[in-house]
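Trainee: The following block contains a protein sequence and its predicted model.
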Amino acid sequence: MASERLTIVIKLGTSSIVDENTHEPILSILTLIVETAAKLHRDGHNVVLVSSGAVGVGLRRMDVDERPKHLPRIQALAAVGQCRLMSLWDGLFSHLRLPVAQILLTRNDIADRTQYLNAQNTFSQLFDMGVIPIVNENDTLAVSEIKFGDNDTLSAITAAMVKADYLFLMTDVDCLYTANPRTNPDAKPIEVVSDISSLEADVSSAGSSLGTGGMSTKITAARLGTSAGVTTIITKSSKPGNIHEIVRYLQELKRTTSTDAADTVANPQALTPPLHTRFLRSESPIHSRSFWLLHGLTPHGTIYIDQGAYTALLKKASLLPAGVVEVDGHFGQQEAVRLVVVERLSPDALNGDFLHHGQEPKEVGRALVNYGSLEIARIKGHRSTHIHSLLGYADSEYVALRENISFFENDEPTRR
């Protein structure tokens, strides 16, 4: 039994588990993944699989050669394939007497804060019951407006939701390289990334014809995961056993670095892990609620605020109408919007004019607003005491409460 109970999310792309040409499930890889998950489970860890492949399996079941472009057709194939895929997972895990659960998500499912918390509670209960959740985007219902975009992003949001220790993104290469190793013999592996913003790697891989992601989406997922306090790891999908070895290596590394220098490692080979790229988690991860505001919701518009309002927000003040410069888009009360900082033409300019030259407008975060776009357009630049006379009512003196505002990683001062 492991000394520490970890929560581990493993993301598997379509190309990792479905043959790109025949569309048949790659049973050898699926079996190794199940064996790896079982080993981690026996070690006392919680395991979540984020599995693509429903459309790919649907193509094989219906004898369709290429992924169609017509959305209803794709959704129909996903409905066929999802059933087959879960049956496959359930059959493989049943050989090892491990129960699995299917969780299908779209952005709409977690847009409501209560539903987001309910999803967290469901995962927690499944862990307590010894069940391995298998997560996929609900491709049978999702349209572009409510899709996560790719399962790399979905896996990062899932990892944040379950407060995972590790997120494994399985891909067709061992790790990130400084250049494309297939064409450049001087390409060097990148084993540890402490600052994603300074990463210099070749991310030109565009993904397979069956999938929707590539290496760039994995970098995005790593950025999301690490900001939520999740160590994110890229490793080779054809070698699922690497996951178990890397976890044991990281546990041994943590144990040895926390002991005295005289406490030597009993097995030196234990500190030689399979090749992988490890993105170190943020030492000051954002709040679970802040993560939900930033990444669980789809913004329906934009509020432009001035520098003074932004400075006040960083000092924990709520957003007053006087600090709003302009509004863009159509949104209602309690919907999410982007917050963008702009420069006014002059300190007294309250007519919505702002500079589009000089300093570029900067998106800094997201907010849930107390008023819709039409109301904010009427009260922007005015004092809160004028709201009632302008609208005929005043639900709040603030455009958005500070508790409903969250900033991206480099701007957010409040941490978990």
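Mentor: Yep, it's here. Residues are numbered from 1 along each chain as shown.

Trainee: all helices in the stretch 151-300 of the chain, in order from the N-terminus.
Mentor: Using DSSP state H, counting those that start in this stretch, the helices of the stretch 151-300 of the chain run over residues 151-161, 215-227, 241-257, 288-291.

Trainee: Now tabulate those in JSON lines and tack on distance to Ile376 and mean pLDDT.
Mentor: In short, each C-beta sits where N, CA and C put it, glycine included. Shown next, in JSON lines, are these (distance: least, C-beta to C-beta, whole Å; pLDDT from 0 to 100):
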{"stretch": "helix 151-161", "distance to Ile376": "28", "mean pLDDT": "89"}
{"stretch": "helix 215-227", "distance to Ile376": "28", "mean pLDDT": "87"}
{"stretch": "helix 241-257", "distance to Ile376": "47", "mean pLDDT": "88"}
{"stretch": "helix 288-291", "distance to Ile376": "22", "mean pLDDT": "84"}
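
Trainee: how about these in JSON lines, adding mean neighbour count?
Mentor: Converted to JSON lines, the helices of the stretch 151-300 of the chain look like this (neighbours: other C-beta atoms under 10 Å):
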{"stretch": "helix 151-161", "mean neighbour count": "27"}
{"stretch": "helix 215-227", "mean neighbour count": "23"}
{"stretch": "helix 241-257", "mean neighbour count": "17"}
{"stretch": "helix 288-291", "mean neighbour count": "20"}
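
Trainee: And these: which comes nearest Ser318?
Mentor: helix 288-291 (15.3 Å; C-beta to C-beta).

Trainee: Following element in sequence after the closest one, please.
Mentor: Where DSSP states H and E defines the elements, the next helix or strand beyond helix 288-291 is strand 301-306.

Trainee: Just the buried positions in the longest helix anywhere in the chain, please.
Mentor: Ranked by residue count, the top helix of the chain under DSSP state H comes out as helix 71-94. Residues of helix 71-94 classed as buried by neighbour count (16 or more other C-beta atoms under 10 Å): 74-82, 84-86, 88-89, 92-93.

Trainee: Contacts for it next, please.
Mentor: Helix 71-94 has contacts (C-beta atoms under 8 Å, 6 or more residues apart in numbering) with 25, 30-31, 34, 37-38, 49, 51, 53-62, 64, 67-68, 99-100, 102, 104, 132, 134, 136, 139-143.

Trainee: Mind giving me the packing neighbours of the helix or strand of the chain with the lowest mean pLDDT?
Mentor: Here the helix or strand of the chain ranked lowest by mean pLDDT, DSSP states H and E is helix 107-111, holding a mean of 75. Using 3 or more C-beta pairs under 8 Å, 6 or more residues apart in numbering; DSSP states H and E, the elements in contact with helix 107-111 are helix 113-128.

Trainee: Just the CA trace of the helix it packs on, in PDB.
Mentor: In PDB, the C-alpha atoms belonging to helix 113-128 read as follows (Å, rounded to 0.1, in the frame of the first residue of the first chain):
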ATOM      1  CA  ARG A 113     -21.800  26.300  -9.700                       C
ATOM      2  CA  THR A 114     -24.100  23.900  -8.000                       C
ATOM      3  CA  GLN A 115     -23.700  21.400 -10.800                       C
ATOM      4  CA  TYR A 116     -19.900  21.800 -10.700                       C
ATOM      5  CA  LEU A 117     -19.900  21.000  -7.000                       C
ATOM      6  CA  ASN A 118     -22.300  18.100  -7.600                       C
ATOM      7  CA  ALA A 119     -19.800  16.700 -10.100                       C
ATOM      8  CA  GLN A 120     -17.000  17.000  -7.600                       C
ATOM      9  CA  ASN A 121     -19.200  15.100  -5.000                       C
ATOM     10  CA  THR A 122     -19.900  12.400  -7.500                       C
ATOM     11  CA  PHE A 123     -16.200  11.800  -8.200                       C
ATOM     12  CA  SER A 124     -15.500  11.800  -4.400                       C
ATOM     13  CA  GLN A 125     -18.200   9.100  -3.800                       C
ATOM     14  CA  LEU A 126     -16.900   7.000  -6.700                       C
ATOM     15  CA  PHE A 127     -13.400   7.100  -5.200                       C
ATOM     16  CA  ASP A 128     -14.800   6.000  -1.900                       C
END
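
Trainee: any idea of the angle it forms with helix 151-161?
Mentor: Helix 113-128 and helix 151-161 are oriented at 80 degrees to each other (axes from the mean of the first three to the mean of the last three C-alpha atoms, to 10 degrees).

Trainee: got the buried residues for helix 113-128?
Mentor: So for helix 113-128, counting by 16+ other C-beta under 10 Å, buried means 116, 119-120, 123, 126-127.

Trainee: What is the nearest of those to Ile405?
Mentor: Tyr116 (17.2 Å).

Trainee: And the closest one, how close does it get to Ala221?
Mentor: 19 Å (C-beta to C-beta, to the nearest Å).

Trainee: Is Ala394 located within a strand, as I assumed?
Mentor: No - read with DSSP: H, G, I helix; E, B strand; the rest coil, Ala394 is coil and lies in no strand.

Trainee: Go ahead and confirm it touches His382.
Mentor: No - Ala394 lies out of contact with His382 (C-beta atoms under 8 Å); the separation is 11.5 Å.

Trainee: Low-confidence ranges, the chain, go.
Mentor: 1-3, 139-149, 200-214, 258-271, 345-360, 409-416 (pLDDT under 70).

Trainee: got the domain boundaries for it?
Mentor: 7-290, 297-407 (the TED database).

Trainee: In which helix or strand does Asn36 reside?
Mentor: Not quite, residue 36 is Thr, not Asn. Per DSSP H and E: helix 27-42 holds Thr36.

Trainee: List the pairing partners of the helix or strand just after that helix within its sheet, with orientation.
Mentor: Sequence order places strand 46-51 as the next helix or strand after helix 27-42, per DSSP H and E. With DSSP bridges as the criterion, the sheet partners recorded for strand 46-51 are strand 7-12 (parallel), strand 132-137 (parallel).

Trainee: Having no further points to raise, I will conclude here.
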